[in-house]
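*Asks:* the sequence and its predicted three-dimensional model are supplied below.
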Amino acid sequence: MSFYITTPIYYTNDVPHIGHAYTTIACDIIARYNKLLGKDVFFLTGTDEHGQKVEKAAIKLNLNPKEFVDKLSVNFINLIPFLGCEIDDFIRTTEDRHIKSSQALWKQLEKNNQIYLSNYEGWYSIRDEAYYLESELKKIDGKYFTNNGSPVEWVKEESYFFKLSEWEDKLIEYYENNQNSILPKTRYNEVLQFIKGGLKDLSISRTTFNWGVPVPNNSKHVMYVWIDALCNYLTAIGYPDINNKKYNKYWPATHIVGKDILRFHAVYWPAFLMAAGIEPPKRIFAHGWWTNEGQKISKSVGNVIDPYNIINEYGLDQIRFFLFREVPFGNDGDFSKKTIANRINADLSNNFGNLVQRISSFVIKNNNSLLKPSENLNKVDKALINLLQNKYDEYCNFMNNQQIDRAIKSVLELISAGNAYVDNQAPWLLKKTNKIRMEEVLFVITNIIIKSSIMLYPIIPTSSKKILNIFNYNIDNYKFDNFATLIKHNIKINNSEPIFPRILND
Ligand code: MSP
């Protein structure tokens, strides 16, 4: 089985911030989980380097756009390993392979009679790189703005149009038959409602600036940046060569996007694809937006969160964990130092870290750092192993639907039950009364620790590896298989070290 996952490609008009890091980490978690399932995973990210917004940012610095994007894309490339993410390809829309591929898609649409030349007159937001209807705008001091505050300008020019209106019924039919292809459900409903409200043909070229992919056979026009941008998902798997191995193995993709760009992915993109005779995406998942201490994150407010600062302050896995444990994936979330500290302390230090440390140090001290597989499981042990099976099933169901927060919660519930089991079985008392039983208890709980670490591995890979290393367990090339059966070999404990130091809250 194969699995293709993509982040949006990020605009190279500024340095990366926490919003970019969030989507990239989400995809990394989902990619790692799918690898544990044994799937052949392809994880793509990259940069969106064309368009008026990028051109404007370059002009402001007196640079030519290519020099500018060459510089800025490096920041996005360098951020990936810093976030603990392992990607398979990084695409830049200024690469030759991409120019070729987006022109090929255009030609295919033209060939299928989906494009015509006419005149466009209407409102355009450079910040959003999107067209708006007057009904979607508000007027402040004589100027028009979108609902999220982006200024718009009146554009009047010759333009190519894509026959989006022809795809209204087909999109509705497609989504009614594929209800899980947009998640969460509320977003699915929103998209369907939008399509049912009527689709107009879409302007897909511009003549007033040059920084874009030239329209084939009419160099007066550059492609509308979104048609070029969306096409990156095809470029990376070898389009237009649709007979190549990669393309056949990986398409259709799962796209993870912010809620602000759902319409482009769930309406325009599947329409372009169907119109070109290509299968629409397998799934589009839209996540929410982060605010900072209750405030909208914006450059003008000066509250942009730098992923480097925040990760250097709290630790990589701590931030990965916080971002996906604190807020249901799909909802908006608030970034606050107090909640980060509380979350890390409660779940990682007190619940998980404490269990790992007390068991590893106890075994080192009282059982020669070694545990033998136990054969005599009693009722209590069996109940805990049953819970492991249940929580694993829950975890997989949640992860399969990108409900990362709920998947994490299932594991944390297992860990809490593990802590309660240790408290009740009290191996420190058994040490004096029944050493055989003591070893059984330690063996069972060590299995719970190891399996919990594996389930949390996609979220906190570095820490999970550290924990697994304590118990001499190698997760490289690991695949889920008979997950809830107990380990059959001796477990040697290597060392005992604190994994999640408590955060001091001020
Ligand atoms: N270039 C387009 C995407 C093209 S995909 C074919 C774009 N780029 S972006 O750099 O502006 O945004 C990329 C992603 O960052 C979006 O998914 C957006 O939702 C996300 N975020 C930007 N700010 C964010 C927050 N404050 N919180 C969470 N995610 C946010 O759009």
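*Replies:* Nice, I can see it.
*Asks:* ok, the one residue in the chain that gets nearest to the ligand to residue 297 distance?
*Replies:* Using Cβ to the nearest ligand atom, the closest approach of the chain to the ligand is made by residue 258 at 1.6 Å. (C-beta placed from N, C-alpha, C; glycine too.) Residue 258 is 12 Å from residue 297, where distance means Cβ to Cβ, to the nearest Å.
*Asks:* so which bits of the stretch 101-250 of the chain are right by the ligand?
*Replies:* 229, 230, 232 (Cβ under 6 Å from any ligand atom).
*Asks:* so what's the residue count around the nearest residue to the second one once chain neighbours are set aside?
*Replies:* Put plainly, it is residue 230. Distances taken as Cβ to Cβ, 6 or more residues apart in numbering put residue 269 closest to residue 230, at 4.8 Å, once the chain neighbours are dropped. With neighbours defined by other Cβ atoms under 10 Å, the count for residue 269 comes to 22.
*Asks:* touching, residue 269 and residue 278? I think so.
*Replies:* No. Residue 269 is beyond contact range of residue 278, at 10.2 Å (criterion: Cβ atoms under 8 Å).
*Asks:* would you say residue 477 is within a helix?
*Replies:* No. Read with DSSP: H, G, I helix; E, B strand; the rest coil, residue 477 is coil and lies in no helix.
*Asks:* that one and residue 311, how far apart?
*Replies:* 27 Å.
*Asks:* mind listing the helices for the stretch 251-400 of the chain?
*Replies:* Counting by DSSP state H, counting those that start in this stretch, the stretch 251-400 of the chain has helices at residues 262-263, 269-275, 307-314, 316-326, 337-343, 354-366, 379-400.
*Asks:* what's the closest of these to residue 111?
*Replies:* Checking the helices of the stretch 251-400 of the chain against residue 111 by Cβ to Cβ gives helix 269-275 as the closest, at 10.4 Å.
*Asks:* related to what we said a few turns ago, tell me which of residue 477 and residue 311 has more neighbours.
*Replies:* residue 311 (20 against 6).
*Asks:* list the contacts of the closest residue to the more buried one other than its chain neighbours.
*Replies:* Excluding the flanking residues, the one nearest residue 311 by Cβ to Cβ, 6+ apart is residue 319, at 5.2 Å. Residues counted as contacts of residue 319 (Cβ atoms under 8 Å, 6 or more residues apart in numbering) are 307, 310, 311, 340.
*Asks:* give me the buried entries from those residues.
*Replies:* 307, 310, 311, 340 (16 or more other Cβ atoms under 10 Å).
*Asks:* contacts only, for the third one.
*Replies:* Spelled out, it's residue 311. 82, 83, 319.
*Asks:* so residue 299 touches residue 13, yeah?
*Replies:* No. Assessed by Cβ under 8 Å, residue 299 is found out of contact with residue 13, at 10.7 Å.
*Asks:* and these two? which has more neighbours close in?
*Replies:* residue 13 (21 against 9).
*Asks:* so for that one, what's the pLDDT?
*Replies:* pLDDT recorded at residue 13 is 90.
*Asks:* and it, how far is that from residue 195?
*Replies:* 30 Å.
*Asks:* what of residue 120?
*Replies:* 21 Å.
*Asks:* with residue 390 instead?
*Replies:* Remark: distance between residue 390 and residue 195 (Cβ to Cβ) = 39 Å.
*Asks:* between these two, who's got more neighbours?
*Replies:* The residue with more neighbours, out of residue 390 and residue 195, is residue 195; 22 against 14, by other Cβ under 10 Å.
*Asks:* you'd agree that one is in a strand?
*Replies:* No. Remark: residue 195 does not belong to a strand; assigned using three-state DSSP, it is helix.
*Asks:* what residues are up against it?
*Replies:* Per Cβ under 8 Å, 6+ apart, neighbours of residue 195: 168, 171, 172, 175, 267.
*Asks:* what do you get if the cut-off is 10 Å, keeping everything else the same?
*Replies:* 164, 167-172, 174-175, 263, 266-267, 271 (Cβ atoms under 10 Å, 6 or more residues apart in numbering).
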